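K.L.:
Just need the structure, nothing else, for what follows:
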Amino acid sequence: MNALLARFRHSAALIIIGFFLIIYIALGFLYFQQGAQQKEFEEQIANVSLVVAKKLPDITELQEEYDKVNKFLAPITGSDALTTLVGIAQKSGINVNPESGKLSIPPPTVSEKKVGDGSYQVLSFKNISVQGDYNRVMAFISALDSGEELNTMVLTRITTKQVEVIGEGEEETNIETVANLDVDIYINPGNESP
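P.N.:
Just a heads-up that it's a prediction; the model follows:
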């Protein structure tokens with residue numbers, strides 16, 4: 001009986017040691033995982049600290065920026081927007097002569113969209129078609145996208161394709177780029193219709 005109790009004590013001691021060893025290994029594993037999380041949290045804290053440390057703009061700077069944005073949202077008629085789009089095409093080197101068929105801008109539709117807390121009137125030009133040399137067409141698209149002429153202009157769709165154009169002689173062919181795009185121009189509500 002003493003031998004059985006000795007074996008039981010020995011087995012119980014091994015089981016208790018095994019149990020504590022398993023707990024120790026599990027805690028060690030959690031500790032090493034925590035180290036990786038701490039590094040991630042330290043990086044996040046560093047990024048947030050950079051944002052928090054940035055100096056807030058002065059109220060006059062904010063007011064100037066607000067006035068600038070409102071200036072860009074000034075009412076514009078559809079014909080003025082059309083003139084601006086044709087001017088951008090001309091500056092980009094696109095042939096804007098109506099007989100050439102290289103630029104086609106249908107009349108805009110007017111709608112109202114809610115953005116954030118405000119409602120804006122939107123002049124939407126759908127299916128603007130422009131054709132010409134690849135670099136000139138891309139310059140036109142880039143000028144529209146940059147907002148240099150109209151800061152509240154948004155390109156909503158662009159598709160391009162290459163076409164073969166037969167020149168005056170039958171042996172003369174050129175590859176030109178055709179782009180179809182949609183443009184929205186946001187303005188303050190209450191504008192005259194196009």
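
K.L.:
Now do the spatially closest residue to Thr156 that is not a sequence neighbour: how many residues are near it, please.
P.N.:
Once flanking residues are discounted, Thr156 sits nearest to Asp182: 4.5 Å by Cβ to Cβ, 6 or more residues apart in numbering. In short, each C-beta sits where N, CA and C put it, glycine included. Neighbour count for Asp182, taken as other Cβ atoms under 10 Å: 15.

K.L.:
any idea which helix is longest in this structure?
P.N.:
Secondary structure assigned by DSSP state H gives helix 2-53 as the longest helix of the chain.

K.L.:
Okay, buried residues for stretch 172-186 please.
P.N.:
Within stretch 172-186, the residues scored as buried using 16 or more other Cβ atoms under 10 Å are Glu176, Thr177, Val178, Ala179, Asn180, Leu181, Val183, Asp184, Ile185, Tyr186.

K.L.:
Sorry, slip of the keys, the one I care about is stretch 136-153.
P.N.:
Arg136, Val137, Ala139, Phe140, Ile141, Ala143, Leu144, Leu150, Thr152, Met153.

K.L.:
List the ones among those residues that fall in strands.
P.N.:
Among those, DSSP state E puts Met153 in strands.

K.L.:
Can you lay out the buried residues of stretch 136-153 as a markdown table showing distance to Ala36 and pLDDT?
P.N.:
Shown next, in a markdown table, are these (distance: Cβ to Cβ, whole Å; pLDDT from 0 to 100):
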| residue | distance to Ala36 | pLDDT |
| --- | --- | --- |
| Arg136 | 53 | 90 |
| Val137 | 50 | 91 |
| Ala139 | 49 | 90 |
| Phe140 | 50 | 91 |
| Ile141 | 45 | 91 |
| Ala143 | 48 | 89 |
| Leu144 | 46 | 88 |
| Leu150 | 49 | 78 |
| Thr152 | 46 | 81 |
| Met153 | 46 | 85 |
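
K.L.:
Which of the buried residues of stretch 136-153 lies at the shortest distance from Lys91?
P.N.:
Checking the buried residues of stretch 136-153 against Lys91 by Cβ to Cβ gives Ala143 as the nearest, at 6.8 Å.

K.L.:
who touches the closest one in this structure?
P.N.:
Ile88, Lys91, Ser92, Glu149 (Cβ atoms under 8 Å, 6 or more residues apart in numbering).

K.L.:
Ok, Leu103 next?
P.N.:
Per Cβ under 8 Å, 6+ apart, neighbours of Leu103: Val86, Ala89, Ile94, Asn95, Val96, Ser129, Val130, Gln131.
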